[in-house]
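Q: 3D, please:
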Amino acid sequence: MGDRANFGFRDSKGNTLFLYGHWAGSEMFAQLANALDSARSRWGDEGYATRICVSQIVNHDWSQPLSWGLYVNQIGDNEHHVPIVDWKSQTMGLYAFDWTWGDTKIRYLADEPKFTMPLEEFVAKYQKVLA
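A: A predicted model of the protein is given here:
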C-alpha cells in the first residue's frame, strides 16, 4: 500500500535528483508548487533551490526512517507520472512512467515530457494551502 511518487530536480549538467515519497502522490503538484515558491529566490542557484524544495516537501519527516528516499538519475517505486523541474530552462515537465518486465523489473520514464510549463506558470496554477 501507499501512494508512491517521485519529484525530479534536473541540474544544468543533465543529472536529476529524485525525491521518492511513499505517501507523496496525493496533492503532488500542490506540494511541488509550494516548494518551488519557497525556493523562488534561489531558482538561479540549482543546488540551493533543490535543497529548499526537497526540505519543503519532506517537511517534518526528516527524522523518520521510512517514507522518503533520494535517488540520482533513477526513480524509486512509483505510481504516478513524474514531475521534473529543470533549473536551466526554468520549466517543469511531466514525464510518463512505465514498467518493463523481463528477467528483471525496470522502471523508466518516457524520453519526452507529456507537457512542460514555465516554473512561474506552474506555481501560479498549482500552489495552494495544504492541510
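Q: so where's the protein shaky on pLDDT?
A: Within the chain, the segments meeting pLDDT under 70 span 1, 99-107, 130-131.
Q: what segments of it are helices?
A: 28-38, 46-58, 119-126 (DSSP state H).
Q: any chance of these in CSV, with distance to Y71 and mean neighbour count too?
A: Backbone N, C-alpha and C define where each C-beta goes, glycine included. Shown next, in CSV, are those (distance: least, Cβ to Cβ, whole Å; neighbours: other Cβ atoms under 10 Å):
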stretch, distance to Y71, mean neighbour count
helix 28-38, 16, 20
helix 46-58, 12, 18
helix 119-126, 22, 17
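Q: out of these, the one nearest L109 is which?
A: Closest approach to L109 among the helices of the chain (Cβ to Cβ): helix 28-38, 15.1 Å.
Q: out of the helices of the chain, which gets nearest to H22?
A: It's helix 46-58; of these, that one is closest to H22 (Cβ to Cβ) at 11.6 Å.
Q: send the alpha carbons of that closest one over as PDB?
A: Provided in PDB are the C-alpha atoms of helix 46-58 (Å, rounded to 0.1, in the frame of the first residue of the first chain):
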ATOM      1  CA  GLU A  46      20.200  24.900  -8.600                       C
ATOM      2  CA  GLY A  47      21.900  23.400  -5.600                       C
ATOM      3  CA  TYR A  48      20.200  25.700  -3.100                       C
ATOM      4  CA  ALA A  49      16.900  25.600  -4.900                       C
ATOM      5  CA  THR A  50      16.900  21.800  -5.000                       C
ATOM      6  CA  ARG A  51      17.700  21.600  -1.300                       C
ATOM      7  CA  ILE A  52      14.900  24.100  -0.400                       C
ATOM      8  CA  CYS A  53      12.400  22.100  -2.500                       C
ATOM      9  CA  VAL A  54      13.300  18.800  -1.000                       C
ATOM     10  CA  SER A  55      13.300  20.200   2.500                       C
ATOM     11  CA  GLN A  56       9.800  21.700   2.000                       C
ATOM     12  CA  ILE A  57       8.300  18.600   0.500                       C
ATOM     13  CA  VAL A  58       9.800  16.200   3.200                       C
END
